[in-house]
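Student: Kindly return the folded structure for what I paste below:
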Amino acid sequence: MASGVLDRMEARARVVRTRAAVRGWTYRQRHLAAGVWFRLRRLLADAKAAYVITDDEARQLAADGYRPEPSGRDLAPEKTILFVDESRLRTLAGRRPIPVGLGPEFLQARVIALVAFDGLRSPSR
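Tutor: Residues are numbered from 1 along each chain as shown. Below you'll find the model as predicted:
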């Protein structure tokens, strides 16, 4: 009988420790991220299309005056996120469309070009 009670107490203690670990992780994600996830979702809300582009294409866009969005620098690993005109984007040979959202394709990409909905945002220049 003592063994059964001890087993139940150990199981309850594991559950409490697990809940505390999850709560700590959630706190770190929400409070120590300094709002980066909110800003990232806000960028994506203005985008009607997203494309993975190459580092060379991003450097060319920067040379043309397109500025990276600051929230990309707050991520680890750092991302380069740019809003680009559709007409300019069509000239980039290495572009590859990805879904607009915080899915695996977006999170794995290092350099992303976004196209804004008409009238919502002008490209960052």
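
Student: Distance check, T80 against M9.
Tutor: 52 Å (C-beta to C-beta, to the nearest Å). C-beta here means a position set from N, CA and C on the backbone, and glycine is covered the same way.

Student: These two: who's more crowded?
Tutor: Comparing T80 with M9 by neighbour count (other C-beta atoms under 10 Å), the higher total belongs to T80, at 19 against 10.

Student: Just give me how far the helix or strand G24 falls within sits from the chain centre.
Tutor: G24 is located in helix 2-31, with elements delineated by DSSP states H and E. Helix 2-31 sits 30 Å away from the centroid of its parent chain (C-alpha atoms, centre = their mean, to the nearest Å).

Student: Only alpha carbons, please: show the following helix or strand past that helix as PDB.
Tutor: Once helix 2-31 ends, the next helix or strand along the chain (criterion: DSSP H and E) is helix 36-45. Extracted as PDB, the C-alpha positions of helix 36-45 are listed here (Å, rounded to 0.1, in the frame of the first residue of the first chain):
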ATOM      1  CA  VAL A  36       8.900  40.300 -32.100                       C
ATOM      2  CA  TRP A  37       6.100  37.700 -32.800                       C
ATOM      3  CA  PHE A  38       3.400  40.400 -32.700                       C
ATOM      4  CA  ARG A  39       5.500  42.600 -35.100                       C
ATOM      5  CA  LEU A  40       6.100  39.700 -37.400                       C
ATOM      6  CA  ARG A  41       2.400  38.800 -37.500                       C
ATOM      7  CA  ARG A  42       1.600  42.500 -38.200                       C
ATOM      8  CA  LEU A  43       4.000  42.400 -41.200                       C
ATOM      9  CA  LEU A  44       2.400  39.300 -42.500                       C
ATOM     10  CA  ALA A  45      -1.100  40.800 -42.100                       C
END
